[in-house]
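K.L.:
sequence first, predicted model second:
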Amino acid sequence: MQFGDFAGNASIKRQLSSQIDAGHYPHALLIEGPLGSGRRTLARLIARAALCRHGEHAARPCGTCAACQKTAPPDLTELGGDGATLSVDAIRRLREDAFLLPNESAYRVMILAEAQAMTPQAQNALLKILEEPPAHLLFILTCDKRTSLLETIRSRCVCLTLAPTMWEEAQPVLTTRLPKESPEELCRAHSLFGGCIGQVIDGVGDGTFRQVLDLTPRIAAAIVAPNEAELMELTASLEKEKQLTVGVLSGLSLILRDALVRKYGGITTLSTSPDVAAQLASRLTAQRLTALMEQVEQLQFALARNMNNNLFLTRLCACLRAAAGY
Ligand SMILES: [Zn+2]
């Protein structure tokens, strides 16, 4: 199988290649991973490999055959990924199509992106397809965490877990996709967005990255400011900006790690704010810094669980101030 510029995840590529190069496709695949880790990209690559008309499995998707050239192949259906809830009716319609024979390929491929957006009823309707799938069907689900789906769904899928990329793996893709940015800036963005290439491309492209660089050190400093108002004011600008909040939390975690290393006499520059890291190191004990890092981790987890944003920001201020002992 050919993976184009899909970066990293070498063991998953090996696993897929060994199956697909032998012409074996599982009936149902579940690709899990954080936002921007390439779930949808990989799902489409596998779909294209299944639909490709190239004679040799090892070269799929070839990119040149009639099937690969089509922008909307008739045997490929994609649903979800737009943030809306996936209803039982949508899945029932999908189920009707799933049993139709493919038009021109060996497989009918269905991609269900952000499968965690299915209601429990929708998941049960999907289960009816996965329990007795027709031979021609390849079903590919993507989700943030497999545990957000019913166990009965998970047990019928081959699960693949995407990992964030290392900088060396991501660098060739990022320098091609974002040619105007310097390698230093891209490396910083890569670290800030946790190695998730999709987040880096979106964040640099839409200005979120710059905003994160501007806001994060100010928020970090406000954690230890004399009164809480400063932190509340700064975090208010995160309202309705979930991606910015994700970036700021990653940035905070880097500053806190720098501060903790300083506390033990070392110097790291994971963040771009050595002055704020030094300030936190001088004001807080190692225990407080560790507690803050744990809080940031819990906040990242809560954010990924789609907590109400206003509630989330109130919690963020209260938790960070309390962990710092302010
Ligand atoms: Zn092809």
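P.N.:
Looks like it came in fine. Residues are numbered from 1 along each chain as shown.
K.L.:
spatially nearest residue to Gln243, not counting backbone neighbours?
P.N.:
Nearest non-adjacent residue to Gln243, counting by Cβ to Cβ, 6 or more residues apart in numbering: Thr208, 5.3 Å away. Glycine gets a C-beta too; all of them are placed from N, C-alpha and C.
K.L.:
near the ion, which residues of the stretch 51-200 of the chain?
P.N.:
Cys52, His54, Cys62, Cys65, Cys68 (Cβ under 5 Å from the ion).
K.L.:
where does the closest residue in space to the second one that isn't next to it in sequence fall, secondary structure wise?
P.N.:
Counting by Cβ to Cβ, 6+ apart, the nearest residue to His54 once its immediate chain neighbours are dropped is Cys62, at 3.9 Å. Secondary structure assigned from DSSP states H and E places Cys62 in neither a helix nor a strand.
K.L.:
for Cys62, which residues are in contact?
P.N.:
Contacts for Cys62 (Cβ atoms under 8 Å, 6 or more residues apart in numbering) come out as Gln2, Cys52, His54, Cys68.
K.L.:
do you know how far the first one is from Ala58?
P.N.:
When you say that, I think you mean Gln2. Distance, Gln2 to Ala58, using Cβ to Cβ, to the nearest Å: 8 Å.
K.L.:
neighbour count winner among those two?
P.N.:
Gln2 (18 against 11; other Cβ atoms under 10 Å).
K.L.:
what about the residue nearest to Gln243, neighbour count?
P.N.:
22.
K.L.:
that one contacts Thr245, correct?
P.N.:
No. Taking contacts as Cβ atoms under 8 Å, Thr208 lies outside contact range of Thr245: 10.0 Å.
K.L.:
confidence score at the residue nearest to His54?
P.N.:
Here, the pLDDT recorded for Cys62 equals 94.
K.L.:
please apply the same query to Glu56.
P.N.:
For Glu56, pLDDT reads 85.
K.L.:
from the residues of the stretch 51-200 of the chain next to the ion, list just the buried residues.
P.N.:
Neighbour counting by 16 or more other Cβ atoms under 10 Å classes Cys52, His54, Cys62, Cys65, Cys68 among those as buried.
K.L.:
the fourth one contacts His54, doesn't it?
P.N.:
Okay, so that is Cys65. Yes. Using Cβ under 8 Å as the test, Cys65 is close enough to His54 to be in contact (5.4 Å).
K.L.:
check contacts around Phe312.
P.N.:
Thr245, Leu299, Ala302, Leu303.
K.L.:
what residues of the helix or strand hosting it count as buried?
P.N.:
Using DSSP H and E, Phe312 maps to helix 309-324. By neighbour count on 16+ other Cβ under 10 Å, the buried set for helix 309-324 is Phe312, Leu313, Arg315, Leu316, Cys317, Cys319, Leu320, Arg321, Ala323, Ala324.
K.L.:
any idea which of these is closest to the ion?
P.N.:
Of all the buried residues of helix 309-324, Phe312 has the smallest distance to the ion: 45.0 Å, by Cβ to the ion.
K.L.:
so the residue nearest the centre of the chain, which of the three states?
P.N.:
Nearest to the geometric centre of the chain sits Leu35, at 1.7 Å (Cα atoms, centre = their mean). Here Leu35 is coil, with the state taken from DSSP: H, G, I helix; E, B strand; the rest coil.
K.L.:
can you start the count at 408 instead of 1 from here on
P.N.:
Yep, numbering from 408; the last one is Leu442 now.
K.L.:
just the closest residue of the stretch 608-733 of the chain to the ion, please.
P.N.:
Distances between the stretch 608-733 of the chain and the ion by Cβ to the ion are smallest at Ile608, namely 25.7 Å.
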